[in-house]
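S.K.: Sequence below, structure please.
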Amino acid sequence: MKREVFLHFSFWFSFFVLITLVNRFFNLSYWSFWLGGIIGTILPDIDHLIYIYFLQPQDLTSQRANYMLQKREWKKTLGLLYITRSERMGLIFHTVTFQLIFLVLTFWVVSSSASLFGKGLVLAFSLHLLIDQIVDLMELESFANWQKNLPFEIEIDKAKIYWLAILIVTILMGVFM
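M.R.: Numbers count the residues shown, from 1 in each chain. Okay, here's the model as predicted:
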């Protein structure tokens, strides 16, 4: 679990340093961009809580996590959710459909909003989803968890090309905001 947290925040930090350097965000007035990035990095993980409380509360893992949360065992709960993340097939945010819709929303916010907080939030959220995808592609060698409600199946080679394309679009949105 510590590895995944480190992975998310190291990629977020590197991406935001790149954006800061390219866009010359050197003034302290850009702190809201960074704050939005921190929140956007954490926000996609709420998907797991939605799953255990609303989508599949009868699932054994959901019941175990709920029991641990009632006992205020935060670290154990996070560990359980991390270990069993590949079992949760019904996540809302962790799907190709949501990611594509959110990419359009990200473009809209980055291109038309004056809110640095909002720009940081959507860019970090998109980056978090990309990191979760590459972890699944590398560790599980599967893209099945991301294909919920798709009328077709994306093969692993095409999933890697899809991932690279979304990564490039996200980086370009951040650099040219």
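
S.K.: Which strands or helices does the strand or helix carrying Gly120 pack on?
M.R.: Assignment of secondary structure by DSSP states H and E places Gly120 within helix 116-135. If you count contacts as 3 or more CB pairs under 8 Å, 6 or more residues apart in numbering; DSSP states H and E, helix 116-135 packs onto helix 2-23, helix 31-42, helix 96-112, helix 156-175. To be clear about C-beta, it is placed using only N, CA and C from the backbone, and glycine gets the same treatment.

S.K.: Just the CA atoms of it, as CSV, please.
M.R.: Written as CSV, here are the backbone C-alpha positions of helix 116-135 (Å, rounded to 0.1, in the frame of the first residue of the first chain):
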residue,chain,number,x,y,z
LEU,A,116,-6.4,27.1,-10.6
PHE,A,117,-7.8,24.8,-7.9
GLY,A,118,-10.2,23.2,-10.4
LYS,A,119,-7.5,22.8,-13.0
GLY,A,120,-5.2,21.1,-10.5
LEU,A,121,-8.0,18.9,-9.3
VAL,A,122,-9.1,17.6,-12.7
LEU,A,123,-5.5,17.1,-13.9
ALA,A,124,-4.5,15.1,-10.8
PHE,A,125,-7.7,13.1,-10.9
SER,A,126,-7.0,12.1,-14.6
LEU,A,127,-3.4,11.3,-13.7
HIS,A,128,-4.5,9.1,-10.8
LEU,A,129,-6.7,7.1,-13.1
LEU,A,130,-3.9,6.7,-15.6
ILE,A,131,-1.6,5.4,-12.8
ASP,A,132,-4.2,2.9,-11.7
GLN,A,133,-4.5,1.7,-15.2
ILE,A,134,-0.8,1.2,-15.8
VAL,A,135,-0.6,-0.6,-12.4
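
S.K.: Below-threshold pLDDT in this protein: ranges please.
M.R.: Applying pLDDT under 70 to the chain flags residues 1.

S.K.: In stretch 3-23, which residues are buried?
M.R.: Buried residues in stretch 3-23, defined by neighbour count with 16 or more other CB atoms under 10 Å: 8-9, 11-12, 15-16, 19.
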